[in-house]
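Student: A structural model of the following input is requested.
(2 chains)
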Amino acid sequence: MTTRVRFAPAPTGFLHVGSARSALFNWLYAQSTGGEMILRIEDTDAALRKPEFIDAIVKPLETLGITWDEGPYYQSQRRQFHVDAVEKLVESGHAYFCNLTREQADERAKEAGLPAGYHGWSRDAGIEDGDDCVVRFRTPDTGEVVIDDVIRGQVTFSCVELEDFVIRRSDGSPTFLVANAIDDADMSITHVIRGEDLLNTTPKVMLLWDALDLGEKPTYAHLPLLVNEQRKKLSKRRDDVSLMDFLKQGYLPEAMVNHLALLGWGPPDDVEIRPISEIIELFKLENVNKGSAFFDIAKLNHINGDYIRQLPVETFISMAEPFVYGVDAEIDWATNDYDADVFAMVAAEVQQRVENFDQIPSFVSWLFTTEVTFDTESKGFKKAIIKGKMIPEILDAMHERFTDVAWTADEMNAAVSAIGDELGARSQVPARVAITGTNAGIPLWDGAATLDRQVVLDRIAALRALV
RNA sequence: GCCCCCAUCGUCCAGCGGCCUAGGACGCCUGCCUUUCACGCAGGUAACACGGGUUCGAAUCCCGUUGGGGGUGCCA
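Tutor: Numbering: from 1, shown residues only, chains lettered A, B, ... in the order given. From the prediction side, this is the model:
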C-alpha cells in the first residue's frame, strides 16, 4: 500500500517554522517511502477563511521545495461531509445537543465544586437543537484509548478523562476533530505526522473514527516540539517564527531545510550538512527522537554560510543584488553610488566571509560611500589603532605618498608596505582601517583602487585626526 | 489542579545491555595558515538529572523522585 501523508496547517497568516518542520517531515517520509503527500488547509473556523492566508502557506512551501501530490484541499469546502457526520453521530446516539456556554459550564462546575469545564450536564437532558446549541460527543465512561505512535510508542488515555467535547459549534460549523477524522478517512491517509501539541486531541479523533465506523485508522507519529531558549513552544508573539521572514533575511531555502531536518532527527553517519536527496534516503520516521528541540540560529547561520560558499559566484552575485541595490536593501550608500562591476569584482571574497546575505553590505559599504565611520570603541579599532605602533607616522607618510602614487592596487599596496618597512611597523592594518573604517574585511587594494584618490586621502586624514 | 509527553556536553544529533575512560556538529577557547578578517587545518572546553532496582555487566531495561514541556476553547 502506498503511504499517504498530509500536511494540514491552519491558515494563520504566515507559515510558522514549526509548521514548516512538520511539513518537511511529512514530505521526507513520503519521499523516502515513495508515497504521496497532500496539502489540506484546516480552515473550519470562519475567522481563518481568508484567501491571502493561503498564499502565506503555499508560497513558502514552494520556496523550500516541499511539494505535494494533491491539494490544496480546503476543509471549508468539505463542510457538508462534516455536517453529515455530525448528524449521523446525533442519530446514532453518539452525540447530543447542549445549550450551555463555556461561562455557564464553568459556573455550574464551580457551584458543584468541580474543576472548571463542562461535566456532561446536557448528556441526557433531552435538549432539542436550537440557535445556541452545540453538539457534543458522548465519550465512553469506561475503557481507554491507546495510540500506537511511531515515535512515542503506546500512549494510553482513559476515557473518563475525556470530556464530552464539542463537535459542532453553535453557528453550525463542525470542529476540526470531526473534519480531521472524516478527511483523513476520505483521503486514505495512512500516516498522520504532526506536532506533539496535538497528541492530546488524538484519542478524541480516534473515538470519532470508531463511532463513524471509518475503517482502518492511520498510523500516528507525533513530532517533538520546536522551542525557544526558554524551552517554551515557539510562539508568534515572543519569537521569530515566520519562515518567509527568514527567507527574506537571506537564509537559503536549502540551508533552512537542512537545518530543520536536523531538529529531531540525525543522520546515522553524523554528516549533517548534505543534499536533500541524501537526507531523504537516510530518513527514518522511527528514528525521530522524542525530546523538544531548540531552534538555534547560530547553527542555522553556520549551515547557511556553508551553503552560500558552495554557490557558484555568479549565482551569489545575482542573489545578492536585492541586498545591495534597490528600495528593500538596507544600505548606507546612495543607490547612484553603487557600482555593480565593483561588487562583481569583490563578490567572491565577500562570499567567503558572510553567513547570510544581509551581512553583505557591511563588507562592501566602504566601496560605495564617500566617508567611512570609525568605531573607536570596537575591539578591532583598539587593537589596530589605539594599541598600534607609529600610527600617526604611518598615516602621515601614507597621505603624502598617496597624493602622487600611481593609482593601481599594486602600487598602492607597495607604497604602504614600503612605509611599514621604513618605519619598522605594521602598516597594512592601519591602512585598511583608514580606507575601510575597520580592521576586518575583504582584501583591500583591488577595491581601494576603484575609489577616487581624494576620497582615500580624506579618509586617511580623518583617521589621522583621531590619533 | 487534572491528563499526556519528555530528560546524554550551553545547543542540535549519535548511542537502542558489554565496542563508552560516551562519539559528531554548532558555540566558545588555543595554535597553524594568512599583509587584515573569514575559510581551511590541528587541538581544547563541556553531558549520561537524582535515587532505587533487574543483570556477571546499564547512558541504554523497570520503578520512584525531581525538573522541563504540552494539553486542559464553541483555535487548530
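Student: kindly provide the distance from residue A:139 to RNA strand B.
Tutor: According to Cβ to the nearest atom of the strand, to the nearest Å, residue A:139 and RNA strand B sit 12 Å apart. The C-beta positions use only the backbone N, C-alpha and C, and glycine is treated the same way.
Student: how far away is residue A:79 from residue A:43?
Tutor: Distance of residue A:79 to residue A:43, given as Cβ to Cβ, to the nearest Å: 10 Å.
Student: what's near enough to touch residue A:299?
Tutor: A:259, A:262 (Cβ atoms under 8 Å, 6 or more residues apart in numbering).
Student: measure stretch A:157-164 end to end?
Tutor: From its first residue to its last, stretch A:157-164 covers 14 Å (Cα to Cα, to the nearest Å).
Student: rounded mean pLDDT for that stretch, please.
Tutor: Stretch A:157-164 comes out with an average pLDDT of 93.
Student: where does chain A get nearest to RNA strand B, residue-wise?
Tutor: residue A:266 (1.5 Å; Cβ to the nearest atom of the strand).
Student: how about the residues of the stretch 351-467 of chain A by RNA strand B?
Tutor: Proximity of the stretch 351-467 of chain A to RNA strand B, by Cβ under 7 Å from any atom of the strand, involves residues A:352-353, A:384, A:413, A:416-417, A:420, A:427-429, A:432, A:439-444.
Student: only whichever of those residues are buried, select them in PyMOL.
Tutor: This is how PyMOL selects the buried members of those, with burial counted by 16 or more other Cβ atoms under 10 Å:
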select buried, chain A and resi 353+384+413+416+420+427+429+432+439+441+442+444
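Student: more crowded one of residue A:79 and residue A:43?
Tutor: The residue with more neighbours, out of residue A:79 and residue A:43, is residue A:43; 22 against 16, by other Cβ atoms under 10 Å.
Student: which ones are touching the more buried one?
Tutor: A:10-11, A:49, A:53, A:74-76.
Student: ok, and which of the residues you listed reach RNA strand B?
Tutor: Within those, those near RNA strand B by Cβ under 7 Å from any atom of the strand are residue A:10.
Student: out of the contacts of residue A:43, who's nearest residue A:374?
Tutor: residue A:53 (47.7 Å; Cβ to Cβ).
Student: verify the contact between that closest one and residue A:12 for me.
Tutor: Yes - the pair residue A:53 / residue A:12 is scored as a contact, 7.0 Å apart, by Cβ atoms under 8 Å.
Student: those two: who's more crowded?
Tutor: residue A:53 (18 against 15).
Student: nearest spatial neighbour of the more buried one, skipping sequence neighbours?
Tutor: residue A:11 (3.6 Å; Cβ to Cβ, 6 or more residues apart in numbering).
Student: so for the one you found, what's the pLDDT?
Tutor: For residue A:11, pLDDT reads 91.
Student: and for the one 5 residues further on?
Tutor: We have a pLDDT of 94 for residue A:16.
Student: show me what contacts it?
Tutor: A:234, A:236, A:241-243.
Student: which of the residues you listed count as buried?
Tutor: A:234, A:241-243.
Student: how far away from the center of its chain is the one helix or strand in chain A whose mean pLDDT sits lowest?
Tutor: Using mean pLDDT, DSSP states H and E, helix A:379-381 stands out as the lowest-scoring helix or strand of chain A, at a mean of 84. Relative to the chain's own centre, helix A:379-381 is displaced by 34 Å; criterion: Cα atoms, centre = their mean, to the nearest Å.
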